[in-house]
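Student: How does the following fold in three dimensions:
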Amino acid sequence: MLDWITSPEAWAALVTLTAMEIILGIDNVVFISLVVQKLPPAQALRARQVGLSAALILRIALLFALTWLIGLQQTLFSAFGHDFSWRDIILMGGGAFLIAKATQEMHGALEGEDELEADDGPGTYAQRAFLAVVAQVILLDLVFSVDSILTAIGMAEHLAIMVLAVIIAVSIMFAASGPLSAFIAAHPTTKMLALAFLVLIGVTLVADGFGAHIPKGYIYAAMAFSVMVEMLNVAASGRRRRRIAARHAEEQQ
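Tutor: Modelled structure (predicted):
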């Protein structure tokens, strides 16, 4: 059972599969980092812990249910010249949810409706907001987990390798989600860019569900280019603020 430990091919598969899981988990990390913005820091940490723990449990459970998971790709019905499966329905539902959620968050940010209401005790808005965030994270975890595990099937022969890759990837996702959430909170333009990413990811999920596969490489390349431009904007804005502060300090002297 553990004979793969001495196999170089198995270790190469582990590294490749872990890298792929991390890349596919970028969408999940961005979504979690955004939806926890309305929560107080302590609840935001709990929400990330619960959300990514659910992602880990879901992915491992799906790995142990490979037969059922592969069955999700079997044709359920045909329409518009395309054979739809449960996988397609899950992807379309998750994509539609992402588009709706990101659009709602954009509207809230533009209208100034994204501030958390005061917490007056148990059963208040803050508690309901926490439960709503956790529910949304788990729902998207299911969508991303199905897509991730279906992509991973066939890349490794041993179930232990796939489980280990998922554990490593989710651990890295949890480590990255906190700094990313803090960075997005500190830079409103970055938050809007992240929401635009979620709309783009939602569109690709819906398109994939309809059989129009868009290579993820194109999506991530566009995201990476946009992030580089945004980093330049953030750096330029920071330098501009420092120059203004230094000028004001000189004038006061």
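
Student: Quick one: list the elements packing against the helix or strand harbouring Ala61.
Tutor: Mapping Ala61 onto the secondary structure by DSSP states H and E places it in helix 41-63. For helix 41-63, the elements it packs on are helix 26-35, helix 125-152, helix 159-186, judged by 3 or more C-beta pairs under 8 Å, 6 or more residues apart in numbering; DSSP states H and E. Every C-beta, even on glycine, is put in place using the N, C-alpha and C of the backbone.

Student: taking these together, which one is wrapped up most tightly?
Tutor: When those are scored by mean count of other C-beta atoms under 10 Å, the highest mean neighbour count falls to helix 26-35 (a mean of 24).

Student: which helices and strands does it pack with?
Tutor: When contacts are defined as 3+ C-beta pairs under 8 Å, 6+ apart, helix 26-35 sits against helix 41-63, helix 86-111, helix 125-152, helix 159-186, helix 188-209.

Student: Could you identify which of those has the lowest mean pLDDT?
Tutor: Of all the helices and strands packed on helix 26-35, the segment with the smallest mean pLDDT is helix 125-152, scoring a mean of 75.

Student: pLDDT score assigned to Met1?
Tutor: Note for Met1: predicted pLDDT of 49.

Student: re earlier: give the buried residues for the helix holding Ala61.
Tutor: The neighbour-count criterion (16 or more other C-beta atoms under 10 Å) identifies 43-44, 46-48, 51-52, 54-56, 58-60, 62-63 as the buried residues of helix 41-63.

Student: before we move on, what about stretch 185-196?
Tutor: Neighbour-count burial for stretch 185-196, with 16+ other C-beta under 10 Å as criterion, is recorded at 185, 187, 190-195.

Student: which helix of the chain spans the most residues?
Tutor: When the chain is scanned for its longest helix (criterion: DSSP state H), the result is helix 216-252.

Student: Out of the helices and strands packed on helix 26-35, which gets nearest to Gly217?
Tutor: Among the helices and strands packed on helix 26-35, helix 188-209 comes nearest to Gly217, with 11.6 Å by C-beta to C-beta.

Student: From Val166, how far out is Ser237?
Tutor: Relative to Val166, Ser237 is positioned 38 Å away (C-beta to C-beta, to the nearest Å).

Student: Pull out the buried positions in stretch 194-211.
Tutor: Judged by neighbour count using 16+ other C-beta under 10 Å, the buried positions of stretch 194-211 are 194-195, 197-206, 208-210.

Student: what does it contact?
Tutor: Outside stretch 194-211, the residues that touch it by C-beta atoms under 8 Å, 6 or more residues apart in numbering are 27, 30-31, 33-34, 80, 82, 84, 87-92, 94-99, 101-103, 105-106, 109, 143, 147, 184, 213-214, 216, 219, 222-223, 226.

Student: now swap in stretch 174-189 and tell me
Tutor: Contacts to stretch 174-189, defined as C-beta under 8 Å, 6+ apart, come from residues 29-30, 32-34, 36-37, 44-45, 48-49, 52, 109, 190-191, 194, 230, 233-234.

Student: so how far is stretch 203-216 off the chain centroid?
Tutor: 17 Å (C-alpha atoms, centre = their mean, to the nearest Å).

Student: quick one: terminal-to-terminal distance for it?
Tutor: 12 Å (C-alpha to C-alpha, to the nearest Å).

Student: re earlier: between the buried residues of stretch 185-196, which is closest to Ser171?
Tutor: The closest of the buried residues of stretch 185-196 to Ser171 turns out to be Ala194 (C-beta to C-beta; 21.9 Å).
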